[in-house]
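[1] Test case, fold it:
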Amino acid sequence: MRILVTNDDGFYAAGIKQLKNALKDDNDVYLVAPDREKSAASHSLTLNFPLRINKKGEKAYTVDGTPTDCVLVAIHGLMKDNLPDLIISGINHGPNMGEDVTYSGTVAAAFEGTILGIKSIAVSLVGKENLTFDAAEIFIKGFVKSLNDFNLQPGTLINVNVPNLPPSKITGIAITKLGKRIYRDDIIKDVDPRGKYYYWIGGDTPIWEKIHGTDFEAIEEGKISITPMHLDLTHYKEIENMRMHIDKLLRRFRNGI
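    Sure, this is the predicted structure:
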């Protein structure tokens, strides 16, 4: 299988190195990643200046852009004559669960791959320090071999979170929904050496609502979380509810109110 690996932690991150090493023996692996950390880049594109691509080895490249840029450069440029069968973004240094997937460059790369019609997976390790990627490595090797068994529908991407535990301590695998985070983010205000105020967006370790079947619950129980996500963000249950009020809204529009 031909696989494109990318991330948002940068080309030199330990997670992507271990991911590539895990896959290279059984697959044709291309590595196209940002030349520096691009965490929380979300699904952003670089439009106002040209991207610089540097070859770092056999089928290995850096891009001075976002994770989404990396996928586009790979698909429409570096790999356009040998498109990948699969895109794997990770292994991210930290979790991507619940609403945080909207900020994640790791998930955004998989999102972009799915838009382009390529099966895509985002993989994250839930930890901040003393990271051990062995469980994530073993899981991904097996998941790649099992991927066709799931018969994923078009427009589906897979978001995986792995506890920061040795493989022997993983208690299982759970198919989950996105959890709901309780936000405690802070804005730190300070003064720089020139007397100018600056603001630093920060945040404590996230806490989560206790909801059954979520990615957070699985991680808390020592399980690997697999969350299928879809490109279609439409809230279908609200369509009929909103249609009930559309005539009133139209009258206000016609009356200039």
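
[2] Which residues are in contact with the spatially most central residue of the chain?
    Note on the chain: the residue nearest the mean C-alpha position is Val107, at 1.5 Å, using Cα atoms, centre = their mean. Counting by Cβ atoms under 8 Å, 6 or more residues apart in numbering, Val107 makes contact with Ser89, Asn96, Val101, Ala122, Leu157, Asn159, Met229. The way it works is simple: take the backbone N, C-alpha and C, and place the C-beta from them, glycine included.

[3] Quick check: closest non-adjacent residue to Leu72.
    Residue nearest to Leu72 in three dimensions, not counting chain neighbours: Glu112, with 6.8 Å by Cβ to Cβ, 6 or more residues apart in numbering.

[4] Now do the same contact list for the one you found.
    With the criterion set at Cβ under 8 Å, 6+ apart, Glu112 makes contact with His43, Pro67, Thr68, Val71, Leu72, Ser120.

[5] between these, which has the most around it?
    By neighbour count, taken as other Cβ atoms under 10 Å, the most surrounded of those turns out to be Pro67 (33 neighbours).

[6] Now do the contacts for it.
    Pro67 makes contact with 6-8, 33-34, 38, 41, 89, 105-106, 108-109, 112, according to Cβ under 8 Å, 6+ apart.

[7] One more pass at 10 Å, please.
    Pro67 is in contact with 6-10, 32-34, 38-39, 41-44, 89, 104-112, 122, counting by Cβ atoms under 10 Å, 6 or more residues apart in numbering.

[8] Any stretches of the stretch 151-257 of the chain with poor pLDDT?
    Judged by pLDDT under 70, the stretch 151-257 of the chain has its weakly predicted residues at 183-186, 202-205, 257.

[9] which SSE is the spatially closest residue to Asn7 that is not a sequence neighbour in?
    What sits nearest to Asn7 in space, not counting adjacent residues and going by Cβ to Cβ, 6+ apart, is Ile16, at 4.6 Å. With the criterion set as DSSP states H and E, the secondary-structure element containing Ile16 is helix 14-23.

[10] repeat for Lys145
    Assigned by DSSP H and E, Lys145 belongs to helix 134-146.

[11] CA atoms only: put that helix into PDB for me.
    Taking C-alpha atoms only, helix 134-146 is exported to PDB below (Å, rounded to 0.1, in the frame of the first residue of the first chain):
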ATOM      1  CA  ASP A 134       4.800   1.800  21.100                       C
ATOM      2  CA  ALA A 135       1.100   1.100  21.600                       C
ATOM      3  CA  ALA A 136       0.100   3.600  18.900                       C
ATOM      4  CA  GLU A 137       2.700   2.100  16.500                       C
ATOM      5  CA  ILE A 138       1.400  -1.500  17.100                       C
ATOM      6  CA  PHE A 139      -2.200  -0.400  16.700                       C
ATOM      7  CA  ILE A 140      -1.700   1.500  13.500                       C
ATOM      8  CA  LYS A 141       0.200  -1.400  11.900                       C
ATOM      9  CA  GLY A 142      -2.800  -3.600  12.600                       C
ATOM     10  CA  PHE A 143      -5.400  -1.000  11.700                       C
ATOM     11  CA  VAL A 144      -3.900  -0.500   8.300                       C
ATOM     12  CA  LYS A 145      -4.200  -4.200   7.600                       C
ATOM     13  CA  SER A 146      -7.800  -4.200   8.800                       C
END
